[in-house]
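Student: need coordinates for the following:
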Amino acid sequence: MANWVEGRVIRKTCWNDTHFSLGIAADGPAFQAGQFIRVGMDVGDERIGRPYSLVNPPQEPILEIFFNIVPEGPLSGRLAALDCGDSIWLVKGANGLLTLAEVPEQAQDLWLLATGTGVGPFLSILQTPQPWQRFAHVVLGYGVRSPDNFAYGDLIHQIQQDHPDRFKFVPFVTGGHAPESGFDCRMTGPLADGRLEERVGQTLSPDRSHVMLCGHSGMISDAVQILEGRGLRRHRRREPGHISTEKYH
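Tutor: Sure, this is the predicted structure:
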């Protein structure tokens with residue numbers, strides 16, 4: 001049986017009509033950057049829970065989730081309707097292998113490629129000391145359907161300011177114009193033809209790269225196929241590799 005604890009919403013950000021972030025004060029859970037927790041609400045006599053990745057780093061006490069409203073979904077619309085002071089339920093335990101602890105030690109460059117709200121766990125990772133202690137270069141690719149779907153711009157800008165020589169950010173927009181340094185297309189196109197590597201001045205290779213993919217299953221499947229064609233392989237604990245994934249839908 002799930003070990004639920006009650007939390008309280010203390011911060012709410014409406015990025016647009018469909019994308020939201022909630023800051024939650026709660027007793028736990030402990031987690032590693034990149035992991036997800038189960039969030040729930042009581043609907044009638046039933047408690048409905050769904051997994052959501054955490055955006056905040058472990059050293060910050062306020063838990064933050066970033067999500068979009070899923071049409072006909074049982075929970076996301078209700079979460080979006082919450083206000084500061086409202087209660088919310090959390091399972092006191094975190095899960096997920098999209099963490100730096102799972103990345104082989106020999107990796108020298110870290111590539112974080114996300115679509116939609118899949119950027120959340122990567123932002124958590126980037127706010128910890130570990131990537132800057134371990135990797136020579138860090139690339140964040142963030143793909144959305146329209147420019148108003150981008151979130152956490154100020155945070156990403158701050159990371160760029162803090163690590164100007166080691167961090168590269170590349171936005172992708174499929175239904176509009178990307179900001180400067182970005183691409184007006186799916187992420188997989190520039191990944192396949194080398195434009196992404198050219199843009200950031202780094203080469204994807206099995207010798208030095210580890211790629212973490214998070215977001216839409218279509219993007220992940222296509223990206224894995226492209227990367228495998230370059231000699232990278234999926235990472236497993238029993239067979240260390242170069243590609244870690246977390247599918248959102």
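
Student: list of residues touching the one helix or strand in the chain whose mean pLDDT sits lowest?
Tutor: The helix or strand of the chain with the poorest confidence is strand 243-247; it has a mean of 91 (mean pLDDT, DSSP states H and E). Applying CB atoms under 8 Å, 6 or more residues apart in numbering, the contact partners of strand 243-247 are 53, 96-98, 102-103, 118, 121, 210-217, 220, 224, 227-228, 232-235. From N, CA and C alone the C-beta is placed, and that goes for glycine too.

Student: which helix is the longest one in this protein?
Tutor: As assigned by DSSP state H, the longest helix anywhere in the chain is helix 217-229.

Student: relative to strand 243-247, how tilted is it?
Tutor: Interaxial angle of helix 217-229 relative to strand 243-247 (axes from the mean of the first three to the mean of the last three CA atoms, to 10 degrees): 170 degrees.

Student: how far does helix 217-229 sit from its chain's centre?
Tutor: Offset of helix 217-229 from its chain centre (CA atoms, centre = their mean, to the nearest Å): 17 Å.

Student: mind listing what's buried along it?
Tutor: Neighbour-count burial for helix 217-229, counted by 16 or more other CB atoms under 10 Å, picks out Met219, Ile220, Asp222, Ala223, Val224, Ile226, Leu227.

Student: out of the residues you listed, which one sits closest to Gly44?
Tutor: Ile220 (34.8 Å; CB to CB).

Student: is it true that that closest one touches Leu213?
Tutor: Yes. At 4.8 Å, Ile220 counts as touching Leu213 under the criterion of CB atoms under 8 Å.

Student: where along this structure do the strands fall?
Tutor: 4-14, 19-25, 36-43, 46-53, 63-68, 87-95, 109-115, 137-144, 167-173, 209-215, 243-247 (DSSP state E).

Student: looking at those strands, which one has the lowest mean pLDDT?
Tutor: Lowest mean pLDDT within those: strand 243-247, at a mean of 91.

Student: these two touch, right, Val39 and Ala94?
Tutor: No. With contacts counted by CB under 8 Å, Val39 stays clear of Ala94, the gap being 11.6 Å.

Student: overlap in contacts, these two.
Tutor: Going by CB under 8 Å, 6+ apart, no residue sits against Val39 while also sitting against Ala94.

Student: model confidence for His249, exactly?
Tutor: At His249, the pLDDT recorded in the model is 60.

Student: walk me through the domains of the protein.
Tutor: Per automatic domain parsing, the domain ranges recorded for the chain read 4-95, 100-247.

Student: quick check: end-to-end length of the longest one?
Tutor: End-to-end distance for domain 100-247, by CA to CA, to the nearest Å: 17 Å.

Student: can you give the distance of that domain from its chain's centre?
Tutor: For domain 100-247, the separation from the chain centroid amounts to 10 Å (computed by CA atoms, centre = their mean).

Student: same deal with the first one?
Tutor: Distance of domain 4-95 from its chain centroid, counting by CA atoms, centre = their mean, is 15 Å.

Student: phi, psi for the residue located most distally from the centre of the chain please.
Tutor: Computed with CA atoms, centre = their mean, the residue of the chain farthest from its C-alpha average is Asp45, at 32.3 Å. Reported as degrees, to the nearest 10, the phi and psi values for Asp45 are phi -90, psi 10.

Student: convert stretch 49-69 to CSV, retaining C-alpha atoms only.
Tutor: Presented in CSV, the C-alpha positions along stretch 49-69 are these (Å, rounded to 0.1, in the frame of the first residue of the first chain):
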residue,chain,number,x,y,z
GLY,A,49,-1.9,9.3,-8.3
ARG,A,50,0.4,9.8,-11.2
PRO,A,51,4.2,10.1,-11.5
TYR,A,52,5.8,13.5,-12.0
SER,A,53,9.5,14.4,-12.2
LEU,A,54,10.9,16.9,-9.8
VAL,A,55,12.4,20.2,-11.1
ASN,A,56,14.0,21.3,-7.9
PRO,A,57,17.4,20.0,-6.9
PRO,A,58,17.6,17.8,-3.8
GLN,A,59,19.2,20.5,-1.7
GLU,A,60,16.1,22.7,-2.0
PRO,A,61,13.2,21.9,0.5
ILE,A,62,10.3,22.9,-1.8
LEU,A,63,9.4,20.2,-4.2
GLU,A,64,8.4,21.4,-7.6
ILE,A,65,6.6,19.6,-10.5
PHE,A,66,6.2,20.8,-14.1
PHE,A,67,3.3,19.4,-16.0
ASN,A,68,0.8,20.0,-18.8
ILE,A,69,-2.9,19.4,-18.9
